[in-house]
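Colleague: below is the sequence, then the predicted model.
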Amino acid sequence: AQSVTQLGSHVSVSEGALVLLRCNYSSSVPPYLFWYVQYPNQGLQLLLKYTTGATLVKGINGFEAEFKKSETSFHLTKPSAHMSDAAEYFCAVRPPGQGAQKLVFGQGTRLTINP
Amino acid sequence: NAGVTQTPKFQVLKTGQSMTLQCAQDMNHEYMSWYRQDPGMGLRLIHYSVGAGITDQGEVPNGYNVSRSTTEDFPLRLLSAAPSQTSVYFCASSIRGVATPYEQYFGPGTRLTVT
């Protein structure tokens, strides 16, 4: 079965520092890949998604992610953290051949921004 | 568009009680799903539907029932609540598609506590 691993349940960075949130998936065939963000007491909002084509994907709020097939990874980055980036971030995959109603989520990474 | 709406926002139940979590979407999406979110476990799929009258089980279906009589609504029923069902529940919808990169849109969630 498809699985998603997010390394680090908590990540803390200083305001202005690089944000790096790690995500690895288990599949020999590249799935569709997504990053969602959840602000406190809210639902999930799509940050970005990888489907096919360019391996560097740009999303909202200055985030981007790079798909690396050889490493089965889809890490999320942002060059300069802002206080408003404090939230929980989820990596999710849609296994090959599965419909859009099924996502497999990672455990989530809570991002804290220090002033 | 209101997107995906969920009611109630909060609910406290006693063990053994039953209740229905409501979910509605106004985007004419064929696919709808229910997830539960627990600390350190990300989101796990409970049940999903690919259209009116069609539902299927996800990863953690035990103790829950669903039905889909209209495209818009996808209620989740707890038959006899147990403390293990204390969680945050999210409803999501998406455009129909298998080999398509469509993402899911999430509601704001229902926080359920079972005592």
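Modeller: Received, thanks.
Colleague: which of the three states applies to the residue nearest the centre of chain B?
Modeller: Taking CA atoms, centre = their mean as the criterion, B:W34 is the residue nearest the geometric centre of chain B, at 2.6 Å. Three-state assignment for B:W34 (DSSP: H, G, I helix; E, B strand; the rest coil): strand.
Colleague: doesn't B:V66 make contact with it?
Modeller: Yes: the pair B:W34 / B:V66 is scored as a contact, 6.7 Å apart, by CB atoms under 8 Å. C-beta here means a position set from N, CA and C on the backbone, and glycine is covered the same way.
Colleague: and for those two, which residues touch both?
Modeller: Residues touching both B:W34 and B:V66 by CB atoms under 8 Å, 6 or more residues apart in numbering or on different chains: B:I46, B:H47, B:F74, B:L76.
Colleague: report the two of these separated the most.
Modeller: Among the shared contacts of B:W34 and B:V66, the pair separated by the greatest distance (CB to CB) is B:I46 and B:F74, at 11.0 Å.
Colleague: what residues are shared contacts of those two?
Modeller: Residues touching both B:I46 and B:F74 by CB under 8 Å, 6+ apart: B:W34, B:V66.
Colleague: any idea whether B:S84 is helix, strand or coil?
Modeller: With three-state DSSP as the basis, the three-state label of B:S84 is helix.
Colleague: measure it to chain A for me?
Modeller: 18 Å (CB to the nearest CB, to the nearest Å).
Colleague: contact partners for that residue?
Modeller: Residues near B:S84 by CB under 8 Å, 6+ apart: B:G63, B:V114.
Colleague: now do the same for it: its pLDDT.
Modeller: Reported pLDDT at B:S84 in the predicted model: 96.
Colleague: go on, A:L7?
Modeller: For A:L7, the model assigns a pLDDT of 93.
Colleague: more neighbours: B:I46 and B:F74, which one.
Modeller: Using other CB atoms under 10 Å in any protein chain shown as the criterion, B:I46 and B:F74 rank with B:F74 on top: 29 against 23.
Colleague: and stretch B:24-39, average pLDDT?
Modeller: 94.
Colleague: and it, which residues are buried?
Modeller: Neighbour-count burial for stretch B:24-39 flags B:A24, B:Q25, B:H29, B:E30, B:Y31, B:M32, B:S33, B:W34, B:Y35, B:R36, B:Q37 (criterion: 16 or more other CB atoms under 10 Å in any protein chain shown).
Colleague: B:E72 versus the closest residue to the fifth one other than its chain neighbours, what's the distance?
Modeller: With CB to CB, 6 or more residues apart in numbering or on different chains as the criterion, B:Y31 has its nearest non-adjacent residue at 3.8 Å, and that residue is A:Q101. Distance from A:Q101 to B:E72, counting by CB to CB, to the nearest Å: 15 Å.
Colleague: do B:N28 as well
Modeller: B:N28 sits 8 Å away from B:E72, going by CB to CB.
Colleague: can you check B:V66 too?
Modeller: Between B:V66 and B:E72 the computed distance is 14 Å (CB to CB).
Colleague: so between those two, which is more surrounded?
Modeller: B:V66 (23 against 17).
Colleague: low pLDDT regions in chain A?
Modeller: Flagging of chain A using pLDDT under 70 yields the residue ranges A:100.
Colleague: ranges for the strands of it?
Modeller: Listed in chain order, the strands of chain A (DSSP state E) span A:4-7, A:10-14, A:19-25, A:32-38, A:44-50, A:56-58, A:64-68, A:73-78, A:87-94, A:104-105, A:109-114.
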